[in-house]
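Participant: Need the 3D shape of this:
(2 chains)
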Amino acid sequence: MKDTNTVMPNTDFEVRSLDTMCVNAENRPAKWYANLKYLVVGIAFGIVFVKAEVISWFRIQEMFRLQSFHMYGIIGSAVVVGMISVWLIKKFNIKTIHGETIEFHPKKFNKGQIYGGLIFGFGWAITGACPGPLFAQIGTGATVVAVTLLSAIAGTWVYGYFREKLPH
Amino acid sequence: MNFIEWIKQPWPWYVAGPLIGLTVPILLIIGNKSFGISSSLRHVCAACVPSKIPFFHYDWKKEVWNLFFVAGIFFGGIIAAQLLANPEPVLVNAKLAEELSGYGITNYSGLVPVDIFNWPALLSAKGLIMMVAGGFLVGFGTRYAGGCTSGHAIMGLSTLQWPSLVATCCFMVGGFIMANLVLPFILSL
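Facilitator: Just a heads-up that it's a prediction; the model follows:
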């Protein structure tokens, strides 16, 4: 009989093969305050989000109705700048501030990117927010968005629960 | 116009887009981190309610940088709203304003429309769908897709990964279907 109380330890490969966004584990031992630099980058990022109205439900509605170029311009120019940066990093073999080689993690295709992508698209158009803007919206004083965020965490949890049964 | 007044105006796309794009090399250079936000939701699950789900059994403390990053986004929201807020109402496309007025959405004082997103509305069917069901779809869908706008559309496309292009196209298709075909019924509730 199978012992249901035993949780099999997952290998990194097993857990992460389908989930390319969980490849960022810290390998160097570091004190907690080493993470403050990410807080600072997050603050700058959050300010840009609010000031460019990326977190605006109205801007997202305009985007999905082709009534404004704003969001297309933002995402498009962000991708162009990101591409050029990554190209420069590879071309000149730029290292991190700790002297490590910068790693890129290839994403494998699976059907989740289609089904999950569509489901996220539905949610994006309803809430007018992807996960990042949810945090910024709460910061701007829209406290009820905390409910949306908790619900998004619940959605992530339910995905994890049914993950083995879903087509990938 | 002084500097503070100038910076309080909504920032144009050609300023904000490149700044958002620069997050990619900044995170790579300061700590070899791939830009991605939705994974923070997974780390919260792993930290708070992993239950016996293998998907949430990993050393989330090694990914804690991501939680610092999203906490920063929250504080950035506070700073922008308290110190740099645009005093004018949000400007939207006239067609959209006309459509939304038909659903009783007329308040443009905030980036999040208070006519839909407010605490009492949580008790209505419309509010439940917009806030609770909507949030659920965002959390479920991003994890199923393995990333959101940041991880797939920006980081994935920047590194020329075709699965991210597929995911990004599906985000857009889902959004178009919802905004144009389904949302009108939800907003009329």
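Participant: how close does B:N86 sit to chain A?
Facilitator: From B:N86 across to chain A, the span is 8 Å (C-beta to the nearest C-beta, to the nearest Å). In this view, the C-beta of every residue, glycine as well, is placed from N, C-alpha and C.
Participant: That residue contacts B:W11, correct?
Facilitator: No: the pair B:N86 / B:W11 is not scored as a contact, 9.7 Å apart, by C-beta atoms under 8 Å.
Participant: Are there residues contacting both of the two? Which ones?
Facilitator: A:K51 (C-beta atoms under 8 Å, 6 or more residues apart in numbering or on different chains).
Participant: so who does A:K90 touch?
Facilitator: Going by C-beta under 8 Å, 6+ apart, the list of residues near A:K90 is empty.
Participant: Sort out which residues of the helix or strand hosting it are buried, please.
Facilitator: For A:K90, the enclosing helix or strand under DSSP states H and E is helix A:70-91. Under the neighbour-count criterion of 16 or more other C-beta atoms under 10 Å in any protein chain shown, helix A:70-91 has A:70-71, A:73-79, A:81-83, A:85-86, A:89 buried.
Participant: A:K108: neighbouring residues, count only.
Facilitator: By other C-beta atoms under 10 Å in any protein chain shown, 12 other residues sit near A:K108.
Participant: So it: helix, strand or coil?
Facilitator: coil (DSSP: H, G, I helix; E, B strand; the rest coil).
Participant: nearest residue to the residue nearest the centre of chain B other than its sequence neighbours?
Facilitator: Closest to where the C-alpha atoms of chain B average out (C-alpha atoms, centre = their mean) is B:T149, at 8.1 Å. Using C-beta to C-beta, 6 or more residues apart in numbering or on different chains and skipping residues adjacent in sequence, the residue nearest B:T149 is A:C130, 4.4 Å away.
Participant: wouldn't the one you found be in contact with B:S150 here?
Facilitator: Yes: between A:C130 and B:S150 there is a contact under C-beta under 8 Å: 7.4 Å.
Participant: Find residues that contact each of the two.
Facilitator: By C-beta under 8 Å, 6+ apart, the residues touching both A:C130 and B:S150 are B:37-38.
Participant: what about stretch B:115-134, near chain A?
Facilitator: Yes: under the criterion of C-beta under 8 Å from any C-beta of the partner chain, stretch B:115-134 makes contact with chain A via B:116-119, B:121-122, B:129-134.
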